[in-house]
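J.: Starting from these lines, generate the structure:
(2 chains)
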2 protein chains.
Amino acid sequence: MPKQVDHELQRQSISQAALSVIAAQGLEAARLRDVAEAAGVTTGAVTHYFDGKDAMLEAALDEIVRQMIAEMDAAWDGPTQDVGAFIDSAAQFLPIDAEGLQGWRIWFAFWGRAIVDERLRAKHRAYYATFAARTDEALRAAFPGLTRATARSLADAIIAAIDGLGVRATLEPDAWPPKRQRAALRLLLDPMLTHATRGE
Amino acid sequence: MPKQVDHELQRQSISQAALSVIAAQGLEAARLRDVAEAAGVTTGAVTHYFDGKDAMLEAALDEIVRQMIAEMDAAWDGPTQDVGAFIDSAAQFLPIDAEGLQGWRIWFAFWGRAIVDERLRAKHRAYYATFAARTDEALRAAFPGLTRATARSLADAIIAAIDGLGVRATLEPDAWPPKRQRAALRLLLDPMLTHATRGE
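T.: Sure thing, here's the model as predicted:
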């Protein structure tokens, strides 16, 4: 089915172009024709896949979430029993490199839109449910003595710590180099995880 | 100088109208004439104070920050030496009531814009420098044994915890009632502050 493969590849390539255009220009300024130009296709090809800005934004975010989940699967793949190593794995979701920063800029554009769009909020809920479930699983794999309820609460707290530091570092990238982001994440998560896993 | 007082009051009243319109409709859909209608003034009066959407958004955010700093001053006004009480004071900056939620929605609109606007980012840096300085002062007043460097790092971590939980709760208000937000804030901050203040 070579035709179908092309179709999916083109969709993904246009999604990646949407991601870079929105990250660079912001959602408001991003035009379908800018995405077409970045993807090297016609504007008609873009509108074939995405019928407007919201659809374009969703495609860009789907692409980011797909990458994040692949990274989560790769990072958290077994028992470590080591709080420090677990936090270092979590730190990779902070805006610590150019690609991460680009992803965070898309999240900001998405949040600004999601506050007034129930469909986007539902999508957000689904994304975060997935992140929480994966983090929860990873915690229970790393620290088998945790109860389900504790692991779930810790997963929410870890996600919040990453989001809060990500917000700050995305808007103040010069003041928040990777080292400072990692140190702040450890400051927040180390005592919590050490305390929670000590009771095992 | 009665004229000047009126001028400042009208500016503030229009800022509050901008705040409610942006929170309700999102920045993109918010029009100067909607703000005029909400404030009960002419569109000309609005444009007299704000020459466009960004200026309107900034005025709304200035209004929120003014309120937040007044709340910070009221909440953190002396030595408590009590980690739990300190965290309870911090929890008031979460989206735990209708007014707080409205404020958070403005932040989301602002972040979406600030990623592509250096002037807004500079404003964000200034706001956060103020929050960090106040939180730092409050920490050192509550726990006099903290070093300056530790208090500064803790202040950043506290702000990140609030931002991260605020992001989640603003987009999932039904799933994150005040009780859950407060519990998550305690889970993140209690071990960190207990650990940091134990060494005093």
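J.: which residues touch the residue of chain A at minimum distance from chain B?
T.: Taking C-beta to the nearest C-beta, chain B has its nearest neighbour within chain A at A:Gly112, 2.6 Å off. All C-beta spots, glycine's among them, are computed from the backbone N, C-alpha and C. With contact taken as C-beta atoms under 8 Å, 6 or more residues apart in numbering or on different chains, A:Gly112 is in contact with A:Leu27, B:Gly26, B:Leu27, B:Phe108, B:Ala109, B:Trp111, B:Gly112, B:Arg113.
J.: Helices - which of those residues land there?
T.: B:Phe108, B:Ala109, B:Trp111, B:Gly112, B:Arg113 (DSSP state H).
J.: Looking at those residues, which one is closest to chain A?
T.: Proximity of the ones in helices among the contacts of A:Gly112 to chain A was ranked by C-beta to the nearest C-beta; the top entry is B:Gly112 with 2.6 Å.
J.: For the helix or strand of chain A with the lowest mean pLDDT, what is the distance to the chain centroid?
T.: Averaged element by element with mean pLDDT, DSSP states H and E, chain A has its least confident helix or strand at helix A:2-25 (a mean of 82). The chain centroid and the centroid of helix A:2-25 are separated by 18 Å under C-alpha atoms, centre = their mean, to the nearest Å.
J.: helices and strands around that helix, which ones?
T.: With contacts defined as 3 or more C-beta pairs under 8 Å, 6 or more residues apart in numbering or on different chains; DSSP states H and E, helix A:2-25 has these neighbours: helix A:32-39, helix A:43-49, helix A:53-75, helix A:98-114.
J.: Go ahead and name everything in contact with the third one.
T.: Okay, so that is helix A:53-75. A:11-12, A:14-16, A:18-19, A:22, A:27, A:30, A:32, A:35, A:46, A:49-50, A:89, A:92-93, A:103, A:106-107, A:109-110, A:113, A:117, A:119-120, A:123, A:127, A:130-131, A:134-135, A:138.
J.: Return a PyMOL selection command for the buried portion of these.
T.: Provided next is the PyMOL selection string for whichever of those are buried by 16 or more other C-beta atoms under 10 Å in any protein chain shown:
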select buried, chain A and resi 11+14+15+16+18+19+22+27+30+32+35+46+49+50+89+92+93+103+106+107+109+110+113+120+123+127+131+134+135+138
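J.: Near A:Ala85, how many other residues are there?
T.: 12 (other C-beta atoms under 10 Å in any protein chain shown).
J.: got a pLDDT number for it?
T.: The model reports A:Ala85 with a pLDDT of 92.
J.: now it: how far from A:Leu189?
T.: Using C-beta to C-beta, to the nearest Å, we find A:Ala85 at a distance of 12 Å from A:Leu189.
J.: same question, A:Asp54
T.: In this view, A:Asp54 and A:Leu189 are 34 Å apart by C-beta to C-beta.
J.: More neighbours: these two, which one.
T.: For A:Asp54 against A:Leu189, the residue with the higher neighbour count under other C-beta under 10 Å is A:Leu189, and the figures read 25 against 16.
J.: which non-adjacent residue is nearest A:Arg121?
T.: Leaving out its chain neighbours, the residue that sits closest to A:Arg121 by C-beta to C-beta, 6 or more residues apart in numbering or on different chains is A:Ala114, at 5.0 Å.
J.: so that neighbour sits right up against B:Leu171, yeah?
T.: Yes. A:Ala114 lies in contact with B:Leu171 (C-beta atoms under 8 Å); the separation is 5.8 Å.
J.: Give the intersection of the neighbour lists for the two.
T.: If you check A:Ala114 and B:Leu171 against C-beta under 8 Å, 6+ apart, the residues they both contact are A:Arg121, A:His124.
J.: got the angle for the least confident helix or strand of chain A vs helix A:53-75?
T.: Regarding helix A:2-25 and helix A:53-75, their directions subtend 100 degrees when assessed with axes from the mean of the first three to the mean of the last three C-alpha atoms, to 10 degrees.
J.: could I get helix A:2-25 in CSV with only the CA atoms?
T.: Once non-C-alpha atoms are left out, helix A:2-25 reads as follows in CSV (Å, rounded to 0.1, in the frame of the first residue of the first chain):
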residue,chain,number,x,y,z
PRO,A,2,2.6,2.6,-1.0
LYS,A,3,0.0,5.3,-1.5
GLN,A,4,-1.3,5.1,2.0
VAL,A,5,2.3,5.2,3.4
ASP,A,6,2.9,8.4,1.5
HIS,A,7,-0.3,9.9,2.8
GLU,A,8,0.7,9.3,6.4
LEU,A,9,4.3,10.5,5.9
GLN,A,10,3.1,13.7,4.3
ARG,A,11,0.7,14.3,7.1
GLN,A,12,3.5,13.8,9.6
SER,A,13,5.8,16.1,7.6
ILE,A,14,3.1,18.8,7.5
SER,A,15,2.6,18.4,11.3
GLN,A,16,6.3,18.9,11.9
ALA,A,17,6.2,22.0,9.7
ALA,A,18,3.2,23.3,11.7
LEU,A,19,5.1,22.7,14.9
SER,A,20,8.1,24.8,13.8
VAL,A,21,6.0,27.6,12.3
ILE,A,22,3.8,27.9,15.4
ALA,A,23,6.8,27.7,17.8
ALA,A,24,8.5,30.4,15.8
GLN,A,25,5.7,32.8,15.0
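J.: Determine which stretch of the helices and strands packed on helix A:2-25 is the most buried.
T.: Stretch with highest mean neighbour count among the helices and strands packed on helix A:2-25: helix A:98-114 (a mean of 22; mean count of other C-beta atoms under 10 Å in any protein chain shown).
J.: Mean confidence (pLDDT) on the helix or strand that that one is followed by, please.
T.: Toward the C-terminal end, the helix or strand that comes next after helix A:98-114 (DSSP states H and E) is helix A:118-142. pLDDT averaged over helix A:118-142 equals 94, rounded to a whole number.
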